[in-house]
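A.B. asks: My questions are about this predicted structure, shown below with the sequence.
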Amino acid sequence: MDSFSGDEPIEIKQLYFSMLDTIEKEGKISEELANKIASIFFSPQIDKNSQLYLNFLKKLKGFSKDNLKYIVQFGRVIFGRENSLELLKNIQIPTYFITGEFDIPRPFHEAELMSKYVANSKLIKISKAGHISNLENSYETNKILFNIFNS
């Protein structure tokens, strides 16, 4: 869900590593950077005055230095990962690729690409949602997951 096992595009990788370097250097997530991150995580249609959006900004700006250290380390692992698309061919169980309609970091075409590697996989797009589709459109996400687990 909202993920990709292929290469991170070089321009995006550079952007994310730059953001991680800034967080590490400053020991915080500034207001400007928090807004930039939020605009990537949510669909362009989100109400920027909504409680969901404002809470996300507040959490970003409120991380402790210790937590940020681990977030930066984790981010470098995620964005520095190796391409593992070929490994998807080994999956022999029912697999669903689920992505928000407006997911900026993990656009739908990446889910489509991954689904081509897994025989009989299903591809699902969550409408009116960005990268954190489970928050932005929790109703549809829960409905999809309910149907998957009860089929």
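C.D. replies: In hand now; what should we look at?
A.B. asks: what about the most centrally placed residue in the chain, distance to Asn90?
C.D. replies: The residue lying closest to the centre of the chain (Cα atoms, centre = their mean) is His131, at 4.4 Å. Between His131 and Asn90 the distance is 27 Å, computed by Cβ to Cβ, to the nearest Å. Where C-beta positions appear, they are placed from N, C-alpha and C, glycine not excepted.
A.B. asks: and what of Arg76?
C.D. replies: Look at Arg76 and Asn90: by Cβ to Cβ, they are 27 Å apart.
A.B. asks: Tell me where the protein has helices.
C.D. replies: Secondary structure of the chain (DSSP state H): helices at 10-26, 31-41, 51-62, 65-79, 108-115, 133-136, 138-149.
A.B. asks: so which of the ones you listed comes closest to Lys125?
C.D. replies: helix 108-115 (5.7 Å; Cβ to Cβ).
A.B. asks: Who are the packing partners of the closest one?
C.D. replies: On a contact count with 3 or more Cβ pairs under 8 Å, 6 or more residues apart in numbering; DSSP states H and E, helix 108-115 meets strand 96-100, strand 122-126.
A.B. asks: Let me have those in JSON lines, extended by distance to Ser43.
C.D. replies: Listed next are the helices and strands packed on helix 108-115 as JSON lines, based on distance: least, Cβ to Cβ, whole Å:
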{"stretch": "strand 96-100", "distance to Ser43": "7"}
{"stretch": "strand 122-126", "distance to Ser43": "10"}
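A.B. asks: Mind putting the ones you listed into a markdown table with mean pLDDT?
C.D. replies: Shown next, in a markdown table, are those (pLDDT from 0 to 100):
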| stretch | mean pLDDT |
| --- | --- |
| strand 96-100 | 97 |
| strand 122-126 | 97 |
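A.B. asks: okay if I get those as TSV plus distance to Phe149 and mean neighbour count?
C.D. replies: Formatted as TSV, the helices and strands packed on helix 108-115 follow (distance: least, Cβ to Cβ, whole Å; neighbours: other Cβ atoms under 10 Å):
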stretch	distance to Phe149	mean neighbour count
strand 96-100	10	24
strand 122-126	13	18
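A.B. asks: thinking again about what came up before, okay, the helices of the chain, which one's buried deepest?
C.D. replies: Most buried of these, by mean neighbour count (mean count of other Cβ atoms under 10 Å): helix 133-136, with a mean of 22.
A.B. asks: Settle this for me: the residue nearest to the centre of the chain is touching Ile40, isn't it.
C.D. replies: Yes. At 7.0 Å, His131 counts as touching Ile40 under the criterion of Cβ atoms under 8 Å.
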